[in-house]
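Visitor: with the input below, show me the fold.
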Amino acid sequence: HGGIECDAEHEPEEKEWTLIFKLKIICFACLIWIAITSFAPAPVGLLKPSSEIADTEWSDGCTDGLSYCLCPRETVCCDNLRSMIFLGISRSSAYFPYPLYMMLFLSKANNLMTALQGSVLSVWIQFPELHHVHTLAGSIAAVDAFVHAFFHLLRWGLRNDDIKLLWETQTGRSGLIALCITPLITWPMLFPRLKKKMTFEWRKGLHMLSIVWGIALCFHAPEMQIFWLMGVPVVIYLLDAITGLYFHTWRIESTLFFRLDSGSAMQFTNPPGFELKGASYVLVLLPWISKYQWHAFSIFPHPTEPNTSSLCMAAVGDWTKTLNKSIIRPTVRPAWIMGPYLSPFATAIEFDNIIALATGIGITPALALIKLYSDTRRINLVWMCRDASLLEFFLSTVEFPRDAFTLIYYTGKKTLSLPPELPESVFLFKGRPDLERVVTGIVHSIESEDCLPEEIVQSGRVMSSVPPLTRFRIGLRRLMDIYTATDIFDLCVELSEGSPNSDPARQTSTRNCEGNQGSAMASLNRRGSNRSSVSLRFSKHRSSRNLGESDQQFSKLGLQMAMREFHGHSFLSEECIDVIFEAMDTNKDGWIDQREFLSCISMVNEEDDEDWSESEDVEAADKKPVTVGRRTSWLLLGDNEEMEAPDLSKSTTRSGTGRSSGGKSSNSTSRSRTVAEQRRLFGTGKKQASDVGDESKDFVRNSREIIKTWQMLYCGGSAPVVNNLKNIHDEYGIDLKIEKFDW
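Guide: Numbering: from 1, shown residues only. As a prediction, the model looks like this:
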């Protein structure tokens, strides 16, 4: 990635010795070596006096006034200035990238690289990152092969009849084979348009010609020991592939598949010997889709089922689209799994504070980090998702850490069917985030110990002692962030005793669905039917009327069941409902009509007017409906007050672990940030004040040593997000790793 910009008062950063940088040093050393051994006088190099060159069978001596030239063998005979220049270019273009050519094969010895990551060698080499080396080497090979061949052919063509060497010598024939198959191997991977037009089978099949390419190079320059330089990596790659095929491939007879809105998911019981030791990916073969295609997907431990692994697959290619269409209902089918292999997310173990960023199904490696490392590290999650079913699935099954921020940005249009209660550390927003403000805000909050996630969680628990009316006001305010006033009123009417629209079965659904027991298939079916009914019930009112256009009413039972529907069975007791209903029922007729309900809504709006106007995410209650908006914190109370967070210990080191959030910094704020301010910092509104987040940005910019303990990890296919994160990396120096299986 790009360099780190430092302010004038900071010392320059020490240059990061990445693997690619080290390989560049080795490549330049090879360039210097070939220049010396080619153009230095013998015996160090190949240059000899013209008289000695004339004694060879391939030349009559040096021309163009040269006293020295070279002609060690027929294929490398240069007795004029032009030939020597062409030879210098062709040889340099060949020997400079030879270390990268070796890494082309070594980097894809997945089983070996995964094993070496557990050795002390991982201190110097990040083996999970070697795919980037493979991509770089392939890009160089695509250009270098033509440069090397062009100047050799030009030299041969201009010197007598040497062009016949192309088919008469081993060097010529092997080079011609490698040259012809180079575009077949590299171009489908380099050019997006060509990649999209080719099926995976053709693209992968042509890429496997790289084995032929490597073998051809072994015989290309027999006098230069290239046979060993290229032969050893090729043999290691082949042996590793055989090892993976026979010792790290598993047949899963009963694999559960089910559909999501934008993809598919699968889960299986781990077979004996299959173990996830870090953030990993696997290769999947589904014979009932294709017998020849292995596809890479991130794998993560199932959130609730022990000894079970899960995968999510976005329907973006032919194979994944076919899979998605074939799963018309949850089904159990066989699958072959190869791996697991460590992904770039495995480098998270090197840091104690992680910001895992994801778009869509890219959340899966982040879930693996949460499951594996949340006991010893802060795994903060920033997830941008437009797939309602995917968001609902993970919100209802994953136990997100309570000592780290979980920020979810919903960009879809469908109505969400959320769990009864979201964890207090989970913030749910409508729209796209300002990633720079969010990332720096997370770092600032944790490092300055200002409004830590665990303080938000602990403060949320104080809700149990809040008076009934205040608690109802908080709950109603939270609902107004997610649903329209019409939605809330209509549900109360539907669930009211004696209402023609009431559904007795619906009134008990909350109790029946409170537990998460049972199989994944049953859970999925239950969620699916619930989501459909909620969407249908809400949508049938939105397009037809506003709240004040109906003469319907709801009873105390309707209010109680609606609150349980939205917030869970334990949110308000029957005694609390009695107090609330009596306060709302101003005419004391036992029913709440539109006027009384609107009066309650107006009270909530007036009390939180200033806060609600901060963002475009929340609209007026009886106007444009909002599917899901900013998550109003449990700390917001009536009369614009905010509940003070309890005085918790400032030590954030968990007992028995070495993780910490850093001590109180001299750059920390002089007062504790409120949760409302925290919400505005992480919010999505385009009308945010220009200075929102400036304090956090300055803090991060002036905390270079602290930033060395932080890492950003991204998985997804959004180029704008990648560019944004790279800019954040360049500006603030936060380490960045990107996982993308775009093979």
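Visitor: now whichever strand or helix holds Asn723: average pLDDT?
Guide: Using DSSP states H and E, Asn723 sits in helix 719-732. Helix 719-732 comes out with an average pLDDT of 92.
Visitor: numbering from 375 from now on, please.
Guide: Happy to do that; since the first residue is 375 now, the last one works out to helix 1093-1106.
Visitor: that one - contacts with which helices or strands?
Guide: strand 727-733, helix 809-821, helix 1068-1075, strand 1084-1089, strand 1109-1113 (3 or more C-beta pairs under 8 Å, 6 or more residues apart in numbering; DSSP states H and E). C-beta coordinates here come from the backbone N, C-alpha and C atoms, glycine included.
Visitor: chain center to the helix or strand that the first one is followed by: distance?
Guide: Counting by DSSP H and E, the element after strand 727-733 in chain order, helix or strand, is helix 738-747. Relative to its parent chain, helix 738-747 has a centroid offset of 11 Å by C-alpha atoms, centre = their mean, to the nearest Å.
Visitor: what does stretch 496-506 give?
Guide: Worked out by C-alpha atoms, centre = their mean, stretch 496-506 lies 18 Å from the chain centre.
Visitor: just put the helices and strands packed on helix 1093-1106 in CSV and tack on distance to Asn644, mean pLDDT and mean neighbour count.
Guide: Output for the helices and strands packed on helix 1093-1106, formatted as CSV (distance: least, C-beta to C-beta, whole Å; pLDDT from 0 to 100; neighbours: other C-beta atoms under 10 Å):
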stretch, distance to Asn644, mean pLDDT, mean neighbour count
strand 727-733, 23, 92, 26
helix 809-821, 33, 90, 24
helix 1068-1075, 40, 87, 19
strand 1084-1089, 22, 92, 25
strand 1109-1113, 22, 86, 21
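Visitor: quick one, what contacts the closest residue in space to Thr738 that isn't next to it in sequence?
Guide: Take Thr738 and drop its neighbours on the chain: the residue closest to it by C-beta to C-beta, 6 or more residues apart in numbering is Ser672, 4.2 Å away. With contact set as C-beta atoms under 8 Å, 6 or more residues apart in numbering, Ser672 has these partners: 653-655, 685, 717, 719, 736, 738-739, 742, 1089, 1113, 1115.
Visitor: okay, buried residues for the helix holding Asn1097 please.
Guide: 1095-1096, 1098-1100, 1102-1103, 1105-1106 (16 or more other C-beta atoms under 10 Å).
Visitor: likewise for stretch 644-663?
Guide: 644, 648, 650, 652-660, 663.
Visitor: rewinding a little: among the helices and strands packed on helix 1093-1106, which comes closest to Ala416?
Guide: Closest to Ala416 of those, according to C-beta to C-beta: strand 1109-1113, at 49.1 Å.
Visitor: who are the packing partners of that closest one?
Guide: strand 1084-1089, helix 1093-1106.
Visitor: what do you get if the cut-off is 6 Å, keeping everything else the same?
Guide: For strand 1109-1113, the contact count by 3 or more C-beta pairs under 6 Å, 6 or more residues apart in numbering; DSSP states H and E identifies strand 1084-1089 as packing neighbours.
Visitor: angle of the strand it packs on against helix 809-821?
Guide: Orientation check (axes from the mean of the first three to the mean of the last three C-alpha atoms, to 10 degrees): strand 1084-1089 against helix 809-821 gives 140 degrees.
Visitor: now do strand 1084-1089: distance to the chain's middle.
Guide: 8 Å.
Visitor: what is that strand packed up against?
Guide: Going by 3+ C-beta pairs under 6 Å, 6+ apart, strand 1084-1089 lies up against strand 727-733, strand 1109-1113.
Visitor: got JSON lines for these, with distance to Ser770 too?
Guide: Conversion of the helices and strands packed on strand 1084-1089 to JSON lines gives the following (distance: least, C-beta to C-beta, whole Å):
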{"stretch": "strand 727-733", "distance to Ser770": "18"}
{"stretch": "strand 1109-1113", "distance to Ser770": "25"}
